[in-house]
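In: this one's sequence-less:
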């Protein structure tokens, strides 16, 4: 839009030259139209064919200087010269004015013509500078926007990481509390039950005392059972498959372990314990026996089953027959999975060793 405004100003200057020349003839009108057409062609060809655009601009300037009476279009024809890549193109304008003056244009008119051509080229340079600065500003804005988006993504990742760490810390605290209750209160209740049973034996000749001790023993047994139920419930609520798998990955001793836990909902406690136990044994084998450098853990919840796949790139023979009898924990993994109605597959192609467990959902198998 700025160039259109500048060209309108230059066109008015050309019309002023026509008035200064004292007459309006077909040559001058055609010259102005040719200059306008050449400027339009320059705009169209400059991006795709710059050489053609430069040739059109220089040809328009030459025609305005060489054709008698067409010199009134020189300011408009020379407007695009500062945008030509060739340095010698700037010398075209004074040469054209000098040729017009040599062809009979009065000296005063030639001076005005030179001034208008200079002003036209200055307007073109100023507009180009403004457009360049505007493009740089837009590029900076785009770059800033990209950085803002990246920062938002980083912030979201940090928030997720903080939430994950808080959740993991809460689960670890629940597990610690459950173990402390089991170790302290559970042991004390168990000791009291044994002491009451010993007192029942010592006072077996006193039926009333034995009856009262029996009631006390029953109460302690109920308290112990309730405590164990609460502890197991607390441990089950503290078991998060994703958290446990990432914890196992960090403690496995393998340099790179990628964990992909795609569970939308939490599996039952027994399934979660099985998945964690199988992953623990698989990663331990990969680090201890296969000396793996990279492992992947992938857990998926499908409509009818839960699936676990653990792979590593360690030194494992292509033939996996008989591995369960070599003390590598495969038998224990199979027993855990099959105890829940699932299947365990062990495969190796000589390059990657994989353990695949599939556990059906209860009521959906």
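Out: Yes, it's here. For clarity, every value in this text was computed on a predicted model and none was experimentally measured.

In: ok, now how distant is the residue nearest the centre of the chain from residue 146?
Out: For the chain, residue 153 is the residue whose C-alpha lies nearest the centre (Cα atoms, centre = their mean; 7.2 Å). Using Cβ to Cβ, to the nearest Å, residue 153 is found at 11 Å from residue 146. For glycine as for every other residue, the C-beta is placed from the backbone atoms N, C-alpha and C.

In: Repeat that for residue 201.
Out: From residue 201 to residue 146 the distance is 81 Å (Cβ to Cβ).

In: low-confidence ranges in the stretch 251-365 of the chain?
Out: Scanning the stretch 251-365 of the chain for pLDDT under 70 picks out 316-328, 363-365.

In: can you pull out the helices in it?
Out: 269-288, 330-339 (DSSP state H, counting those that start in this stretch).

In: Which secondary structure elements does the longest one sit against?
Out: For helix 269-288, the packing partners by 3 or more Cβ pairs under 8 Å, 6 or more residues apart in numbering; DSSP states H and E come out as helix 241-251, strand 294-301, strand 305-312, helix 330-339, strand 353-360.

In: And that helix, how far out from the chain middle?
Out: A distance of 31 Å separates the centroid of the chain from that of helix 269-288, by Cα atoms, centre = their mean, to the nearest Å.

In: buried stuff in it?
Out: Neighbour counts over helix 269-288 (16 or more other Cβ atoms under 10 Å) mark 271-287 as buried.

In: Next: the last one.
Out: Of the residues in helix 330-339, those buried by neighbour count under the rule 16+ other Cβ under 10 Å are 330, 333, 334, 336, 337.

In: is it true that the fourth one touches residue 277?
Out: What that stands for is residue 336. Yes. In this structure, residue 336 is within contact of residue 277 by Cβ atoms under 8 Å, at 5.7 Å.

In: From residue 209, how far out is residue 215?
Out: The value you get for residue 215 to residue 209, if Cβ to Cβ is used, is 11 Å.

In: if I read this right, residue 347 contacts residue 312, doesn't it?
Out: No. Residue 347 sits out of contact with residue 312 when judged by Cβ under 8 Å, with a separation of 11.9 Å.

In: any residues in contact with both of those two?
Out: Taking Cβ atoms under 8 Å, 6 or more residues apart in numbering as the contact rule, residue 347 and residue 312 both touch residue 353.

In: of those two, who's got more company?
Out: residue 312 (26 against 14; other Cβ atoms under 10 Å).

In: I'd say the more buried one and residue 289 touch.
Out: No. Residue 312 is beyond contact range of residue 289, at 10.0 Å (criterion: Cβ under 8 Å).

In: hang on, the earlier thing: neighbour count for residue 215 and residue 209, which is higher?
Out: Legend: neighbour count by other Cβ under 10 Å for residue 215 and residue 209, higher for residue 209 (14 against 11).
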